[in-house]
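Student: Coordinates only, no sequence provided:
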């Protein structure tokens with residue numbers, strides 16, 4: 001028992017250190033009056049929009065339409081689409097909608113990282129060094145009409161990165177898509193806003209971000225090719241002093257999986273990608289914790305470390321401890337149920353907190369918002385087996401088809 005208690009305390013300390021942001025950042029985001037950086041009235045910069053699409057003929061036109069309907073000067077925004085390994089009409093649809101379109105067929109270098117690097121090289125070859133920044137979107141995204149203008153007001157340019165608020169088109173599609181929605185709003189709306197209060201770089205979450213031209217120029221293009229290129233890029237920025245800010249007035253929407261199996265496949269890729277990032281940058285991040293950039297690197301470590309495995313180990317230790325201390329089977333079962341309920345309620349609290357903060361931004365009936373949020377802790381718990389499986393399973397990048405169009 002003494003050994004178990006010691007192991008339990010060690011695991012508790014590690015979890016507290018790695019999860020500290022999940023508690024502190026939301027509180028700071030909600031109570032702090034500190035304003036995020038705003039340039040105010042600033043010169044309008046010129047931007048390139050990079051969209052890498054694979055078999056996205058159903059949704060690519062809606063994204064291009066939302067880009068063309070921005071209240072920002074259209075002559076300062078050039079839209080580029082890469083139809084990457086497509087076997088549908090994505091390229092033709094993008095061209096008809098007015099985007100400069102390229103086609104790539106490469107079955108060896110598969111993934112968004114390779115596609116972005118290819119598209120960036122094509123843009124520079126064609127237009128040269130004329131852009132102040134590069135937006136990155138997925139084909140299923142939609143933008144609020146003032147997205148680019150708000151990002152422009154907040155963007156410092158040069159060697160910086162800026163992200164917006166990631167909302168969802170289909171919160172009410174299923175319990176799964178609702179959980180995704182709350183997860184993204186929690187990460188971008190609360191965690192990133194809390195980081196902003198402390199002056200810690202925010203995290204890039206896959207899509208809907210703006211990169212300063214100098215960042216890509218200095219790195220020689222988009223040179224992050226793991227299964228989670230966004231996580232790798234975020235870690236690279238933390239190690240190289242590149243500021244990642246947030247514009248809380250810039251909101252965009254994307255489509256989330258409604259199927260549990262699709263969700264499992266997608267998140268399995270994410271976890272495998274995080275293992276890749278940990279292997280590539282783990283030593284540097286760990287060393288950075290003991291340098292002047294300690295908080296930033298500790299935050300970065302929390303993003304790439306498989307914390308779900310620590311949660312699993314803690315659960316196993318708790319179970320063994322209860323086996324030794326419980327006076328009967330009934331007491332053991334009751335203790336386990338109480339422990340599970342405590343965990344469920346704590347995670348549900350964060351989900352409901354997120355839901356209330358963004359209540360007016362989710363266009364669903366009240367009953368659906370509330371009932372669907374009950375799945376959020378279960379969605380989170382599934383990272384435990386996913387993290388375990390990803391450690392041993394070979395995972396490849398698999399595209400997810402999207403089909404929700406604007407009515």
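Tutor: Yes, it's here. Only a predicted model underlies this, so the values are computations on that prediction, with no experimental measurement involved. Numbering: from 1, shown residues only.

Student: hang on, isn't residue 93 packed against residue 62?
Tutor: No - if you go by Cβ atoms under 8 Å, residue 93 and residue 62 don't touch, sitting 10.2 Å apart. Bear in mind the C-beta positions are built from the backbone N, C-alpha and C, glycine included.

Student: Per-residue pLDDT of residue 68, please?
Tutor: pLDDT, residue 68: 96.

Student: do you know how far it is from residue 74?
Tutor: 7 Å (Cβ to Cβ, to the nearest Å).

Student: One more: residue 221?
Tutor: 26 Å.

Student: just residue 140 next, same as before
Tutor: In terms of Cβ to Cβ, residue 140 sits 22 Å off from residue 74.

Student: Looking at these two, which is more packed in?
Tutor: Taking neighbours as other Cβ atoms under 10 Å, residue 140 and residue 74 compare with residue 140 leading, 25 against 14.

Student: need the contact list for residue 197.
Tutor: Residue 197 sits next to 25, 28, 29, 32, 34 when contact means Cβ atoms under 8 Å, 6 or more residues apart in numbering.

Student: PyMOL command for the buried members of these?
Tutor: In PyMOL, this line selects whichever of those come out buried by 16 or more other Cβ atoms under 10 Å:
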select buried, resi 25+28+29
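
Student: Just flag the most distant two among the contacts of residue 197.
Tutor: Comparing every pair within the contacts of residue 197 by Cβ to Cβ identifies 25 and 34 as the most remote, at 12.9 Å.

Student: list the helices and strands the worst-scoring helix or strand of the chain on mean pLDDT packs on?
Tutor: Every helix and strand in the chain was compared by mean pLDDT, DSSP states H and E; the lowest is helix 2-18, with a mean of 78. Applying 3 or more Cβ pairs under 8 Å, 6 or more residues apart in numbering; DSSP states H and E, we find helix 2-18 packed against helix 294-304, helix 307-325.

Student: how far is whatever helix or strand comes next after it from where the chain is centred?
Tutor: As assigned by DSSP states H and E, the chain's next helix or strand after helix 2-18 is helix 20-31. Relative to its parent chain, helix 20-31 has a centroid offset of 17 Å by Cα atoms, centre = their mean, to the nearest Å.

Student: Repeat that for stretch 210-218.
Tutor: The answer for stretch 210-218 is 19 Å, by Cα atoms, centre = their mean.

Student: in that stretch, what counts as buried?
Tutor: Here stretch 210-218 shows 210, 211, 212, 213, 215, 216 as buried, counting by 16+ other Cβ under 10 Å.

Student: The fifth one touches residue 242, doesn't it?
Tutor: Yes - taking Cβ under 8 Å as the definition, residue 215 is a contact partner of residue 242 at 6.0 Å.

Student: got any residues that touch both of these two?
Tutor: 159, 160, 161.

Student: Distance of the first one relative to residue 133?
Tutor: Residue 159 sits 11 Å away from residue 133 when distances are taken as Cβ to Cβ.

Student: Need the residues touching each of the two.
Tutor: residue 212.

Student: Just want to know which of those two has more residues nearby.
Tutor: residue 133 (25 against 17).

Student: measure the closest residue to residue 218 other than its chain neighbours to residue 215 for me?
Tutor: Nearest non-adjacent residue to residue 218, counting by Cβ to Cβ, 6 or more residues apart in numbering: residue 159, 7.4 Å away. As judged by Cβ to Cβ, residue 159 and residue 215 stand 6 Å apart.

Student: buried set for the helix or strand containing residue 349?
Tutor: Taking DSSP H and E as the criterion, residue 349 maps to helix 329-357. Buried residues in helix 329-357, defined by neighbour count with 16+ other Cβ under 10 Å: 335, 344, 347, 348, 350, 351, 352, 353, 354, 355, 357.

Student: Save those residues as TSV, and put in pLDDT and distance to residue 269 too.
Tutor: Formatted as TSV, the buried residues of helix 329-357 follow (pLDDT from 0 to 100; distance: Cβ to Cβ, whole Å):
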residue	pLDDT	distance to residue 269
335	84	36
344	96	26
347	94	23
348	96	26
350	94	24
351	95	23
352	96	29
353	95	28
354	96	24
355	97	27
357	94	29
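
Student: Output those as CSV; include the columns distance to residue 264.
Tutor: Output for the buried residues of helix 329-357, formatted as CSV (distance: Cβ to Cβ, whole Å):
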residue, distance to residue 264
335, 30
344, 20
347, 19
348, 21
350, 22
351, 20
352, 25
353, 26
354, 22
355, 24
357, 28
